[in-house]
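Engineer: Quick one, what's the 3D model for this:
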Amino acid sequence: MATTEKPTMLVGIDDSHHSLYALEWTLDHFFTIFPSNPPFKLVVLHAKALPSSVVGLAGPGAVDIVPIVDADLKKTAARVAEAAKQMCSSKSVHDVQFEVMEGDPRNVLCEAVEKYHASMLVLGSHGYGAIKRAVLGSVSDYCVHHAHCTVTIVKKPKIKH
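Structural biologist: Okay, the predicted model is just below:
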């Protein structure tokens, strides 16, 4: 009898509590309830910005800042990956692939969907309104329109007082 490979679920994370909530939601709904045989292979991905995209066109002194910005971005990526590893471990989900890819998160996530042949991409929602989303751009909105898979956007419920 031939064994079929499990579909891949890709979870995009950044340094926000929104993305960690999306990872936690994913683990709770698709992995911890199937401890011995989850229905998906899990890949957790952080898109590390390029230093040049953070520094931008800052003028002649920008060259001196790039190594400092790059070191900071690497520390952030390591911290984000470690937080994701700890969350997976705390929920007894150990068969996880963690990856950090460099570039614009919108492009990195869509490229990773292709690379891993993901059947689902899970992202957290920052909860921006229409105006802020239009000004800042929305990674999740971009992925909904460009990723070649199902995209699930997880929004943390608001606590009612």
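Engineer: and the next element down the chain from the helix or strand bottoming out on mean pLDDT in the chain?
Structural biologist: Every helix and strand of the chain was ranked by mean pLDDT, DSSP states H and E. The lowest is helix 130-136, at a mean of 54. Using DSSP states H and E, the helix or strand that directly follows helix 130-136 along the chain is helix 139-146.
Engineer: Report the contact partners of Pro7.
Structural biologist: Pro7 makes contacts with Pro39, Phe40, Lys41, Ala118, Ser119, Met120, as judged by CB atoms under 8 Å, 6 or more residues apart in numbering. From N, CA and C alone the C-beta is placed, and that goes for glycine too.
Engineer: let's see it at 10 Å
Structural biologist: Applying CB atoms under 10 Å, 6 or more residues apart in numbering to Pro7 gives the contacts Pro39, Phe40, Lys41, Tyr116, His117, Ala118, Ser119, Met120, Cys149.
Engineer: Out of those, who's the most crowded?
Structural biologist: Most neighbours among the contacts of Pro7, by other CB atoms under 10 Å: Ala118, with 25 neighbours.
Engineer: from memory that one sits against Lys6, does it?
Structural biologist: No. Proximity of Ala118 to Lys6 does not meet the contact threshold set by CB atoms under 10 Å, at 11.4 Å.
Engineer: Quick check: neighbours shared by those two?
Structural biologist: Phe40, Lys41.
Engineer: where does this structure dip in pLDDT?
Structural biologist: Residue ranges of the chain with pLDDT under 70: 1-3, 54-63, 127-137, 161.
Engineer: and if we set it to 80?
Structural biologist: Within the chain, the ranges that satisfy pLDDT under 80 run 1-4, 52-66, 126-137, 160-161.
Engineer: picking up where we left off before, which ones among the contacts of Pro7 map onto strands?
Structural biologist: Lys41, Ala118, Ser119, Met120 (DSSP state E).
Engineer: Okay, buried residues for stretch 89-106 please.
Structural biologist: For stretch 89-106, burial by neighbour count (16 or more other CB atoms under 10 Å) applies to Val93, Val96, Phe98, Val100, Met101, Glu102, Asp104, Pro105, Arg106.
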